[in-house]
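Chemist: with the sequence up front, the predicted model follows.
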Amino acid sequence: MPRQIKPRLVISTVGTSLLTNQIDSESEPDWASCLQDTANRTQEEIKSDPNVACIIQDLKQRAKNQLEEANTIEIREASAELNGIYGLYDDQLEKGKLDHHVLITTDTAQGQVTANIVEEFLRNQKVSVEVYTPEKLSTANNKFFNQGIDNLLDWLDRRVKEDKEKNYEIYFNLVGGFKALQGCMNTMGMFYADKIIYVFEGASSNLITIPRLPITVDSSRLTDHVPTLALLDAGAGLLPSKTEKIPEAMIAEIDGKMIISNWGQLIWNQCKNDFLSQELQEFPRISYQDTFRKDYKNISEPKDKVELQERLAKVSGLLEESNGDTRYLVKPVSYSPYKGAKDKEGVDHFYVGIHWRVSCKASQGKLMLRHYGTHNYVEGKETK
């Protein structure tokens, strides 16, 4: 029987070569330096500089015209991103009719314009494609870049898992894009991609395909730090004394507080499901009644245990930050009192996703968790 061909999710980093390749260095000698100087400006920032905005629009139209009129060789020379995509399909885009493409661009005017041109071109070729722009992702400064990479990691982890469940193979096309982004994506690819593709320099433009390396995370070193890592993953900023035993590469310091680093997030994403789908973790300012522990043991789906413990980490972090003030939980986890509770001292509850609830009682800056389950189950336990 012939081998079943899997569809592919092809994730391509996008740079600005498609725009810069349109510049005539003789008649427009200053345009290249102008684009370089404004490479990290957002769409809003570009609007305040009409001269730069006009240059970008002019180059955009030239690029679109070139792609419409060019042959395959010229298209590949014009766009690094398309060079990789055409190389993947041996210059025959119709070979990718089952595949879906995502173009990753920086949160900048030039990056988004370039990605939109490539997206429009691929759509016209009947290729399934979308653009994803991680918020804050630019090389304007280290803070923005790290925030953008955090957002990219969060999206990538969810998207790859979803498409893996749909039996997609994951390809990273890293021919285009800024060098800093390419470097990070290359590392991420060792964990998330089945294959990473590049293209040789020169006229031949031969494809280089790097298979996924057999990298695994030594999670045994993290066993004693699971609650702390879950808190950091939930957005908590902790004192250095609380994280001093965690591997240094997994944490970073901002304004005197420790947060999870880009690479710490990458490593945690690989093993958190294994940790959080097992025993119930102990978090600051949270304790458990036996009834809650029983409800936890009755959870049949590992993913539901993970979702619950991630929410407990969120609640714990907010309580630590607010010194136990439950008012800080109202919006983030839909925290509110249970009306008509049998316990006359009052019982509160909060949401875990759409379908699940946790009932609890607040006392002296802590929460005692009582029950977990569906709305009807928890309400039945607390009000009837």
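Modeler: It's in.

Chemist: buried stuff in the strand or helix carrying Asn376?
Modeler: Asn376 belongs to helix 375-383 when assigned by DSSP states H and E. Neighbour counts over helix 375-383 (16 or more other CB atoms under 10 Å) mark Val378, Glu379, Lys381, Glu382 as buried. In this view, the C-beta of every residue, glycine as well, is placed from N, C-alpha and C.

Chemist: what sits against the third one?
Modeler: Right, the one you point to is Lys381. Thr291, Ser359, Arg370, His371, Gly373 (CB atoms under 8 Å, 6 or more residues apart in numbering).

Chemist: phi, psi for the first one please.
Modeler: Per-residue torsions, Thr291: phi -60, psi -40 (degrees, to the nearest 10).

Chemist: who touches it in this structure?
Modeler: Here Thr291 is in contact with Arg370, His371, Lys381 (criterion: CB under 8 Å, 6+ apart).

Chemist: and if you look at the last one?
Modeler: Remark: with contacts taken as CB under 8 Å, 6+ apart, Gly373 is in contact with Asp295, Trp356, Arg357, Lys381.

Chemist: what's the answer for Glu135, then?
Modeler: Taking CB under 8 Å, 6+ apart, we find Glu135 in contact with Asp107, Gln147, Gly148, Asn151.

Chemist: swap in Phe350?
Modeler: Arg311, Val315, Leu329, Val333, Ser334, Tyr335, Ser336, Arg357, Val358, Cys360.

Chemist: got it, and Leu18?
Modeler: Contacts for Leu18 were tallied using CB under 8 Å, 6+ apart; they are Ala63, Ala78, Ser79, Ala80, Glu81, Leu82, Thr114, Ile117, Val118.

Chemist: swap in Val129?
Modeler: His100, His101, Val102, Leu103, Val118, Glu119, Leu122, Arg123.

Chemist: out of these, grab the one that's most surrounded.
Modeler: Neighbour counts for those (other CB atoms under 10 Å) peak at Leu103, which has 27 neighbours.

Chemist: that one in helix, strand or coil?
Modeler: Classification of Leu103 using DSSP: H, G, I helix; E, B strand; the rest coil returns strand.

Chemist: surely it is in contact with Ile117?
Modeler: No - the criterion here is CB atoms under 8 Å, and Leu103 misses it with Ile117 at 10.0 Å.

Chemist: strands along the stretch 201-350 of the chain, start to end?
Modeler: Residue ranges of the strands in the stretch 201-350 of the chain, as given by DSSP state E, counting those that start in this stretch, are 207-211, 251-254, 257-260, 286-288, 336-337, 348-352.

Chemist: mind checking which of the contacts of Leu18 land in helices?
Modeler: Residues of those located in helices (DSSP state H): Ala63, Ala78, Ala80, Glu81, Leu82, Thr114, Ile117, Val118.

Chemist: dump stretch 141-156 to PDB, restricted to CA.
Modeler: The C-alpha trace of stretch 141-156 is given here as PDB (Å, rounded to 0.1, in the frame of the first residue of the first chain):
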ATOM      1  CA  ASN A 141      15.100  46.500  22.700                       C
ATOM      2  CA  ASN A 142      15.800  43.400  24.900                       C
ATOM      3  CA  LYS A 143      12.600  43.800  26.900                       C
ATOM      4  CA  PHE A 144      10.300  44.000  23.800                       C
ATOM      5  CA  PHE A 145      12.100  41.100  22.200                       C
ATOM      6  CA  ASN A 146      11.800  38.800  25.200                       C
ATOM      7  CA  GLN A 147       8.100  39.700  25.700                       C
ATOM      8  CA  GLY A 148       7.500  38.900  22.000                       C
ATOM      9  CA  ILE A 149       9.400  35.600  22.200                       C
ATOM     10  CA  ASP A 150       7.300  34.700  25.300                       C
ATOM     11  CA  ASN A 151       4.100  35.400  23.400                       C
ATOM     12  CA  LEU A 152       5.500  33.400  20.400                       C
ATOM     13  CA  LEU A 153       6.300  30.400  22.700                       C
ATOM     14  CA  ASP A 154       2.900  30.400  24.200                       C
ATOM     15  CA  TRP A 155       1.200  30.400  20.800                       C
ATOM     16  CA  LEU A 156       3.600  27.900  19.400                       C
END
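
Chemist: need the residues that contact it.
Modeler: Stretch 141-156 has contacts (CB under 8 Å, 6+ apart) with 11, 104, 106-107, 132, 134-139, 180, 184, 188, 192, 252, 262, 265-266, 269.

Chemist: same check on stretch 316-331?
Modeler: Applying CB under 8 Å, 6+ apart, the external contacts of stretch 316-331 come out as 231, 234-237, 283-286, 315, 332-333, 335-336, 348, 350, 362, 364-367.
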